[in-house]
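*Asks:* coords please:
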Amino acid sequence: MNNALSGTANTPEVRTLAERVFQQLQDAIVRGELAPGSKITEPGLSQAYGISRGPLREAMRRLEAHRLIERVPHVGARVVKLSIKELLELFDVREALESMAARLAAEHMNAEEIAGLREVLAVHERQSDLRRGEAYYQREGDLDFHYRIVQGSHNRMLMGLLCDDLYYLVRMYRTQFSASGTRPQRAFVEHHRIVDAIEAGDAELAELLMRRHVSASRENVVDRYAAALNQAGEAPELETPES
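*Replies:* Residues are numbered from 1 along each chain as shown. Just a heads-up that it's a prediction; the model follows:
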């Protein structure tokens, strides 16, 4: 690749390159192909993705802004790895805010938006991994059930918190530790019940069902994450609560 691009990070061509690399790296992190805690370097990524340093640095700045990578003094950049305590805190926030979003969605989503939610679930139902009960991988943005509900809340503050600040970090742990095992089919059924409540305009029920849904996901994620730490010989920093 032409190294002249390195010094022109604001050109449309470089922004396009940076966007492509950002999407590739983000997907690799969310899926666990770049493992939590793993060190990443500009030379290594530059070689792997065939891109010059300018666009790469822009992509890494975006990853850092989305809390997917962090810079550690004397270590460098690495993929974020939450402790169990931090993971519990993340899900506590998610449970409170997403249940609020579901309540507001029941009050504000119109028929077209609800039809869009139904179509998202129809797309998910056709996924081969979900049919086999192996996984439930939701693609980013409009094909993410939770993202659609937050958007349907019509509350800009919630959208900023859940769709910008925390979205990618939540996706990473949800995808790696909650989208497989015995959870996929149950999560899919819970999604349908939440949409039923939203369509009925039952704000209290929508809020309750979303709170239960996120709580079940929380227990599953934390249990699987703790098991992964134990298998790797790492002691969890905090005991998980009894369910």
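
*Asks:* now the helix or strand where Glu113 lies: average pLDDT?
*Replies:* Element membership of Glu113 [criterion: DSSP states H and E] is helix 111-125. Mean pLDDT, taken over the full extent of helix 111-125, equals 91.

*Asks:* buried stuff in it?
*Replies:* Residues Glu113, Ile114, Leu117, Val120, His124 are the ones in helix 111-125 that count as buried (16 or more other CB atoms under 10 Å). Every residue, glycine included, has its C-beta placed from N, CA and C.

*Asks:* now for those residues: which two are most distant?
*Replies:* By the measure CB to CB, Glu113 and His124 form the most distant pair in the buried residues of helix 111-125, at 17.0 Å.

*Asks:* scan the protein for its longest helix.
*Replies:* helix 203-231 (DSSP state H).

*Asks:* domain ranges for this protein, per the record?
*Replies:* When the chain is parsed into structural domains using the TED database, the resulting residue ranges are 17-79, 84-232.

*Asks:* now do the same end-to-end measure for the first one.
*Replies:* Start to finish, the residues bounding domain 17-79 are 21 Å apart (CA to CA, to the nearest Å).

*Asks:* kindly report the same for stretch 102-116.
*Replies:* Distance across stretch 102-116, first residue to last, is 15 Å (CA to CA).

*Asks:* that stretch: how far from the chain's middle?
*Replies:* Counting by CA atoms, centre = their mean, to the nearest Å, stretch 102-116 is centred 22 Å from the centre of its parent chain.

*Asks:* which residues touch that stretch?
*Replies:* With contacts defined as CB atoms under 8 Å, 6 or more residues apart in numbering, stretch 102-116 is touched by 117, 142, 148-149, 151-155, 158, 194-195, 197-207, 209-210.

*Asks:* the residue positioned nearest the centre of the chain: what secondary structure?
*Replies:* Among the residues of the chain, the smallest C-alpha distance to the mean C-alpha position (CA atoms, centre = their mean) belongs to Arg171, namely 1.3 Å. State at Arg171, reduced to three classes by DSSP: H, G, I helix; E, B strand; the rest coil: helix.
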